[in-house]
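Asks: Sequence first, then the predicted structure:
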Amino acid sequence: MTLISVQQLEFGIGGQHLLLAGVDMEIENGERICVVGRNGAGKSTLLKLLAGEIQPDEGSITRNPGTVVARLAQEVPVDTAGTVYDVVAAPLGEQGRLLAAYHHLAAGDLSASGAADRLGDLQTRIEAGGGWDLERRVDAVVTRLELPGDADFATLSGGMRRRVLLAQALVLEPDVLLLDEPTNHLDIAAIDWLEGFLASFPGSIVFITHDRRFLRALATRIVEIDRGGLTSWPGDYDNYLRRREERLHAEQQARAHFDRKLAEEEVWIRQGIKARRTRNEGRVRALEQMRRERAQRIEREGRVKMTAASADRSGKRVVELEHVNFGWPERRLIEDFSTTILRGDRVGLVGANGAGKTTLLRLMLGDLAPDSGKVTLGTGLEIAYFDQQRAQLDDSATAVDNVAEGRDFIELDGKRRHVISYLQDFLFAPDRARAPITRLSGGERNRLLLARLFAQPSNLLVMDEPTNDLDVETLELLEELLVDYPGTLLLVSHDREFLDNVVTSLLVLDGSGSVEESVGGYSDWLARRSSRRTPSGGGQPEPKPTPIAGTRRRPRKLTYAQSLELEALPQKIEHLEARLTELSGQLSDPELHRKSPAATQKLNAELASTQAELDAAFARWEELDALAENAS
């Protein structure tokens, strides 16, 4: 069933630059569509149009009657305030405000003067508006996403705020969920959780992401925005990459043929008097049409050209930490950690948000002094630092001034380059380069910070979350540069594929002070962590703390029926988990969504009900097992 139909949609900026031109698109029930394209191509604009937040200049967007659409924005709205419960209930309008007020009042002191009367009045108004059903919906979403309902939204971490905003979208029970860079500012554990959650979402999802592993795990169709046009690519991301290259090659050949033909006709029209007297007027009209077509051609934007200015080689030993400790009495971030980083190492730092990754970077660079232990920096270091907060950029200055700091030329490996020419390598047109950077998008600001960074001669490159807001193509080019970088790299990132492709070792922080060293990328560390749970003598995994494995103590004071139920629950849970795996595998088939939307809808419904049944079974098992444990 088609939920949203887009026909001949056009949208421009300032009435001149067309972001979207003649776009056609349909969203079917159960699809998971990833929108890809260059920074500034119009991806976020398309999601806002689908959400109805802005209106197209031309064309139409038709929603199936009753279709509910919700959007998770790329940035946290600045006016978001209140408790988590307040924020989640906000989209429900007046009933949401009444429920939030009732929630606060019921949790407070009801003995206060007039409190009982106000509570009674709220109950009456909520009941009259059918608000109790909405309350159950809010409570269910808060519970499912494991949110602290009474916590102040302003005190939450960036990752938890994103989860609250996701709950705000889900409370509307949308048929179509629009997600703009949902993995931004999430740590790897949160990304894994979100990936699993969205895989079981029963509705349709349209999302934008730069995280290629997240994209590959979820997308059943790729939609590309390129030069105002929209192209749909059924199937997975790798199929899209292969077919896109084929299309671009065919387009290049067709344009080269067109240009040769145009050049031949231009030579003919400029021939002597005799030729012009007898010329074919039809051929002249055809030439004029070819000129119009060539003038209207939109060229594909060039690729970013990244080159890092190199400095003289550093000493062999870059950084040495000896028994370093750092933190506070109530929480230790780094506990008795020692390591040596040598010239040419490419080291990734991973861990949950707040685990101390940036703190460890600052300790390594000497910006922070350890509570105890010793940090020794090597000789001949030239450090270039990429700050995830982009604090190095001056918002009152232009892109040119941010990179060249008042100079017209910069030095790159002994060669002088005009700063405008250098910025064009990072896709900044001259007028864009001279404009205040307040006009730049998030992706453009990240590219500008990369341009500033790589203009500095360095042999130690320190990068704290460089991948946020970059389009996939620029991300892949950054990978290539870092792989070939001759110096030493320290990298903080939550992008699993980026880590796998760039780093040679990891420092894994668990947030309680422990720092684990691991050779290889993120997938290598993940595989070793899994293998450590396997007994040395066999291939079966070590028993997990779930009801499926291990021998459990018999309950003594449970009723006979409860004892039988507890015994049967592990097998039931195992069966439900196997069914979830089977359903997820079927839904990952892109042909299913294209050929049978009805079957997709049915499978999604079964997936949701099976997940709910599994959650209930786990909750019941924990309840009965606790009774048995307490009675023993």
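Replies: Alright, I've got the coordinates. Computed from a prediction, not measured in an experiment: that's the story for all the values here.
Asks: The nearest residue to Asn29 once chain neighbours are set aside: how many residues sit nearby?
Replies: Nearest non-adjacent residue to Asn29, counting by Cβ to Cβ, 6 or more residues apart in numbering: Met1, 4.7 Å away. C-betas here are computed from N, CA, C, even on glycine. When counting by other Cβ atoms under 10 Å, one arrives at 13 neighbours for Met1.
Asks: Would you mind listing the buried residues in stretch 122-136?
Replies: With burial defined by 16 or more other Cβ atoms under 10 Å, the residues of stretch 122-136 counted as buried are Leu122, Ile126, Gly129, Gly131, Leu134, Glu135.
Asks: wait, which of these is closest to Pro457?
Replies: Leu134 (59.9 Å; Cβ to Cβ).
Asks: That closest one and Glu94 touch, don't they?
Replies: No. In this structure, Leu134 is not within contact of Glu94 by Cβ atoms under 8 Å, at 10.6 Å.
Asks: which residues in the stretch 51-200 of the chain form strands?
Replies: Taking DSSP state E, counting those that start in this stretch to define them, one finds strands in the stretch 51-200 of the chain at 58-63, 69-72, 176-180.
Asks: gap between Ser518 and Leu509?
Replies: From Ser518 across to Leu509, the span is 12 Å (Cβ to Cβ, to the nearest Å).
Asks: out of those two, which sits in the busier spot?
Replies: Legend: neighbour count by other Cβ under 10 Å for Ser518 and Leu509, higher for Leu509 (23 against 18).
Asks: next one: phi and psi at that one?
Replies: phi -100, psi 130 (degrees, to the nearest 10).
Asks: looking at the strands of the stretch 51-200 of the chain, which is buried most?
Replies: The highest average neighbour count among these, using mean count of other Cβ atoms under 10 Å, belongs to strand 176-180 at a mean of 24.
Asks: so what does it touch, helix or strand wise?
Replies: helix 43-51, strand 69-72, strand 204-208 (3 or more Cβ pairs under 8 Å, 6 or more residues apart in numbering; DSSP states H and E).
Asks: Please work out the average pLDDT along it.
Replies: Summarised as a single mean, pLDDT over strand 176-180 is 93.
Asks: Among the helices and strands packed on strand 176-180, which comes closest to Arg291?
Replies: helix 43-51 (31.4 Å).
Asks: Please name every helix or strand in contact with the closest one.
Replies: Partner elements for helix 43-51 (3+ Cβ pairs under 8 Å, 6+ apart): strand 2-13, strand 17-28, strand 32-36, strand 69-72, strand 176-180, strand 204-208.
Asks: for those strands, which one sits closest to Met463?
Replies: When these are compared (using Cβ to Cβ), the closest one is strand 204-208, at 22.6 Å.
Asks: Point out the other helices and strands that the following helix or strand past the closest one packs with.
Replies: Sequence order places helix 212-218 as the next helix or strand after strand 204-208, per DSSP states H and E. Judged by 3+ Cβ pairs under 8 Å, 6+ apart, helix 212-218 is in contact with strand 32-36, helix 188-199, helix 237-269, helix 496-502.
Asks: Now with 10 Å, please.
Replies: For helix 212-218, the elements it packs on are strand 32-36, helix 188-199, strand 204-208, helix 237-269, helix 472-484, helix 496-502, judged by 3 or more Cβ pairs under 10 Å, 6 or more residues apart in numbering; DSSP states H and E.
Asks: Going by neighbour count, which residues of it are buried?
Replies: So helix 212-218, judged by 16+ other Cβ under 10 Å, has buried residues Arg212, Arg213, Phe214, Leu215, Ala217, Leu218.
Asks: same question, stretch 364-382
Replies: For stretch 364-382, the neighbour count (16+ other Cβ under 10 Å) marks Met364, Leu365, Leu368, Pro370, Gly373, Val375, Leu377, Gly378, Leu381, Glu382 as buried.
Asks: Stretch 175-193 too?
Replies: For stretch 175-193, by 16+ other Cβ under 10 Å, it's 175-188, 190-191, 193.
Asks: biggest helix in the protein by residues?
Replies: In the chain, taking DSSP state H as the definition, the longest helix is helix 597-631.
Asks: tell me which residues in it are buried?
Replies: For helix 597-631, a neighbour-count test (16+ other Cβ under 10 Å) marks 597, 600-601, 603-604, 606-607, 610-611, 614, 617-618, 620-621, 624-625, 627-628 as buried.
Asks: which SS state does Trp233 fall under?
Replies: In three-state terms, and counting by DSSP: H, G, I helix; E, B strand; the rest coil, Trp233 is strand.
Asks: Surely it is in contact with Asp226?
Replies: No. Contact criterion Cβ atoms under 10 Å: Trp233 and Asp226 do not qualify, at 11.5 Å.
Asks: Mind checking which of the two has more residues around it?
Replies: Taking other Cβ under 10 Å, Trp233 and Asp226 do not tie; Trp233 has more neighbours (21 against 18).
Asks: and the more buried one, what does it touch?
Replies: Each residue near Trp233 by Cβ atoms under 10 Å, 6 or more residues apart in numbering is listed here: 34, 36, 219, 221-224, 239-244, 247, 590.
Asks: try Asp387
Replies: Thr358, Leu393, Leu449, Leu453, Val462, Met463, Asp464, Glu465, Pro466.
Asks: can you list those in TSV and add secondary structure?
Replies: Output for the contacts of Asp387, formatted as TSV (three-state DSSP):
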residue	secondary structure
Thr358	helix
Leu393	coil
Leu449	helix
Leu453	helix
Val462	strand
Met463	strand
Asp464	strand
Glu465	coil
Pro466	coil
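Asks: among those, which ones are buried?
Replies: Judged by 16+ other Cβ under 10 Å, buried ones among the contacts of Asp387: Thr358, Leu393, Leu449, Leu453, Val462, Met463, Asp464, Glu465, Pro466.
Asks: Look up phi and psi at the last one.
Replies: Okay, so that is Pro466. phi -80, psi -10.
Asks: Next, count neighbours for Pro77.
Replies: Pro77 has 10 nearby residues by other Cβ under 10 Å.
Asks: Hmm, Leu165 and it touching each other?
Replies: Yes. Here Pro77 reaches Leu165: they are 8.2 Å apart, a contact under Cβ under 10 Å.
Asks: what do those two both touch?
Replies: Residues touching both Pro77 and Leu165 (Cβ under 10 Å, 6+ apart) are Val87.
Asks: picking that back up, now do the shared contacts for Ser518 and Leu509.
Replies: Shared contacts of Ser518 and Leu509 (Cβ under 10 Å, 6+ apart): Val350.
Asks: that older thread, Serialize the strands of the stretch 51-200 of the chain to JSON lines and add fields for distance to His575.
Replies: Formatted as JSON lines, the strands of the stretch 51-200 of the chain follow (distance: least, Cβ to Cβ, whole Å):
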{"stretch": "strand 58-63", "distance to His575": "39"}
{"stretch": "strand 69-72", "distance to His575": "33"}
{"stretch": "strand 176-180", "distance to His575": "29"}
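Asks: which residues does Val142 contact?
Replies: So Val142 contacts Val84, Tyr85, Val88, Ala89, Pro148, Gly149, Val164, Ala167, Val171 (Cβ under 10 Å, 6+ apart).
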